[in-house]
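Student: task: produce atomic coordinates for the following.
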Amino acid sequence: MLPLLDGLRLPTTRSVRIALWPITAILAFRAATSLDMSMGQPKLAFSNMQLQASMIYIAARTLEWTVQTKPFVRMARRSSTDVPKQNLVLDAIDLVFNSRGCGWDWSQGMYILPETHPTSSRLAFATSALVSGLKHIFLSGTIHSAVKSFSPDTFGSVDGGTIFDHSLPPHLRYLRSSIIAMLCAFAIYSLIKANSEITVVICVLILRQHPEQCPPSTDSPWRATSLREFWSRRWHQWFRRIFIFLGGKPLSLLFGRIGGIIGAFLASGFIHHLQLLAIDPSSEMWRMVLPFGMMGTGMVIERAVAGNKTGGWIGWTWTMCWMLLWGNVLVDGWARAGMLGSPSVVDGATPIRQPIERLASLMSTVL
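Tutor: Below you'll find the model as predicted:
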């Protein structure tokens, strides 16, 4: 109801929004802290993280709508018949689920990725997206199984454990942890890509949205030649608005542009920490806040040293090294909480899982 009252065309509803937000926030908090989506099964605890993320999203988005002083404006309208239409209810629904703000004035400044699927027809577009989604589901599950196989009894289980093997000399210890961190990055990328593609199929075929309303969410992040390019263009922007609203804008008022950059990443780290509490209440906040905060710090350093000219193989090397350095810390935080021990989509596919486990075990033995 809040987005309808947000003033899409009703700018006189602020008092009602202010009255409704505390109720919304309390209900979101109650759902996040009282519901057990895992049904008591530790291996399904990851579903509680998803619930936590959804409730944080609801509370943050509705808070922004509450303090909004001007009506949001639709910049583009594409219906199934490509005829402009005005419908407050449909606008409200779109505002709820359109986390990137595609087609709204509040997404200005966000880079929209070029479409990679054929747009000659809805069926061709949806078919291409479906094939891509299924492919990335398989890739995500396969890589996830490989990660768990490095240490099935520690971080490969729901009990959790560190990715740093202290029985190894430092150079092998960090080589091993870096391989694990890289595999986790590709697994997460594949999962995000799969979720995005399947959602696109539903939006285009069932909800009758135009393909232009569903731009790609990621773009080969491993090809980024700067931290700025990685986070602003190649990684997903689903929570960009929330991070800027909760962290970027407040700190920019105190410390200017630098504060805005670091503040957005600190908000990201804090929200990632809140998610982890759903599966490990003893999780330490710094394990999420530090690596995300250092991403913002890296962007500030990058701009101070090279301005907007970061690129080429030097830029790529800098970006990947910085990502890998703090990625080790981030993935270790997830591993200690038991997040990496969640089920994989190929767990039940023995012919696929066993070769992966043998390869990962062999690699772990060599290291």
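Student: which residue ranges form the helices in the stretch 151-300 of the chain?
Tutor: Counting by DSSP state H, counting those that start in this stretch, the stretch 151-300 of the chain has helices at residues 170-205, 227-229, 240-243, 249-276, 286-306.
Student: mean neighbour count for those helices - can I get that in CSV?
Tutor: Quick note: C-beta positions are derived from backbone N, CA and C, even for glycine. As requested, the helices of the stretch 151-300 of the chain are exported to CSV (neighbours: other C-beta atoms under 10 Å):
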stretch, mean neighbour count
helix 170-205, 18
helix 227-229, 21
helix 240-243, 21
helix 249-276, 19
helix 286-306, 19
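Student: let's have those helices in CSV, adding distance to P42 and mean pLDDT.
Tutor: What follows is the helices of the stretch 151-300 of the chain, written out as CSV (distance: least, C-beta to C-beta, whole Å; pLDDT from 0 to 100):
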stretch, distance to P42, mean pLDDT
helix 170-205, 20, 95
helix 227-229, 36, 95
helix 240-243, 29, 93
helix 249-276, 15, 96
helix 286-306, 20, 96
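Student: number of residues surrounding M49?
Tutor: When neighbours are defined as other C-beta atoms under 10 Å, M49 has 22 of them.
Student: that one: which element?
Tutor: Element membership for M49 (DSSP states H and E) is helix 46-67.
Student: and the very next helix or strand once past that helix, how far from the chain's centre?
Tutor: Counting by DSSP H and E, the element after helix 46-67 in chain order, helix or strand, is helix 88-97. Chain-centre distance of helix 88-97: 22 Å, with C-alpha atoms, centre = their mean, to the nearest Å.
Student: returning to that earlier point: would JSON lines of the helices of the stretch 151-300 of the chain with distance to G333 be doable?
Tutor: Output for the helices of the stretch 151-300 of the chain, formatted as JSON lines (distance: least, C-beta to C-beta, whole Å):
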{"stretch": "helix 170-205", "distance to G333": "11"}
{"stretch": "helix 227-229", "distance to G333": "20"}
{"stretch": "helix 240-243", "distance to G333": "18"}
{"stretch": "helix 249-276", "distance to G333": "7"}
{"stretch": "helix 286-306", "distance to G333": "3"}
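Student: how about these, which one is nearest S15?
Tutor: With C-beta to C-beta as the criterion, S15 lies closest to helix 249-276 of the helices of the stretch 151-300 of the chain, at 22.9 Å.
Student: what helices or strands is that closest one leaning on?
Tutor: On a contact count with 3 or more C-beta pairs under 8 Å, 6 or more residues apart in numbering; DSSP states H and E, helix 249-276 meets helix 46-67, helix 240-243, helix 286-306, helix 312-337.
Student: any chance of those in JSON lines, with distance to L168 too?
Tutor: JSON lines is the format used below for the helices and strands packed on helix 249-276 (distance: least, C-beta to C-beta, whole Å):
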{"stretch": "helix 46-67", "distance to L168": "29"}
{"stretch": "helix 240-243", "distance to L168": "36"}
{"stretch": "helix 286-306", "distance to L168": "21"}
{"stretch": "helix 312-337", "distance to L168": "14"}
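Student: next one: stretch 289-306 to chain centre, how far?
Tutor: 19 Å.
Student: residue numbering should commence at 95 henceforth.
Tutor: Yep, numbering from 95; the last one is stretch 383-400 now.
Student: and the contacts of it?
Tutor: Residues from elsewhere that reach stretch 383-400, judged by C-beta atoms under 8 Å, 6 or more residues apart in numbering: 320-322, 325, 352, 355-360, 362-364, 366-367, 404, 409, 412, 416, 420-421, 423-424, 427.
Student: need the pLDDT of R430.
Tutor: R430 is assigned 96 on the pLDDT scale.
Student: that older thread, next one: the helix holding M143 to chain centre, how far?
Tutor: Relative to the chain's own centre, helix 140-161 is displaced by 13 Å; criterion: C-alpha atoms, centre = their mean.
Student: list the buried residues for it?
Tutor: Under the neighbour-count criterion of 16 or more other C-beta atoms under 10 Å, helix 140-161 has 140-143, 145-147, 149-160 buried.
Student: what sits closest to F324 if chain neighbours are left out?
Tutor: Of all residues not flanking F324 in the chain, A318 sits nearest, at 3.7 Å (C-beta to C-beta, 6 or more residues apart in numbering).
Student: quick one, phi/psi of that neighbour?
Tutor: Taking degrees, to the nearest 10, you get phi -60, psi 140 for the backbone angles of A318.
Student: tell me how many other residues surround it.
Tutor: Using other C-beta under 10 Å, A318 has 23 neighbouring residues.
Student: then T213?
Tutor: Per other C-beta under 10 Å, the neighbour tally for T213 reads 12.
Student: same question, G401
Tutor: 8.
Student: then the one 4 residues further on?
Tutor: Other residues lying near G405 total 14 when counted by other C-beta under 10 Å.
Student: nearest residue to G354 other than its sequence neighbours?
Tutor: Distances taken as C-beta to C-beta, 6+ apart place S346 nearest to G354, at 3.2 Å, with adjacent residues excluded.
Student: show me what contacts that neighbour?
Tutor: G353, G354, G357.
Student: the last one and L347 touch, don't they?
Tutor: So that's G357. No: the criterion here is C-beta atoms under 8 Å, and G357 misses it with L347 at 9.4 Å.
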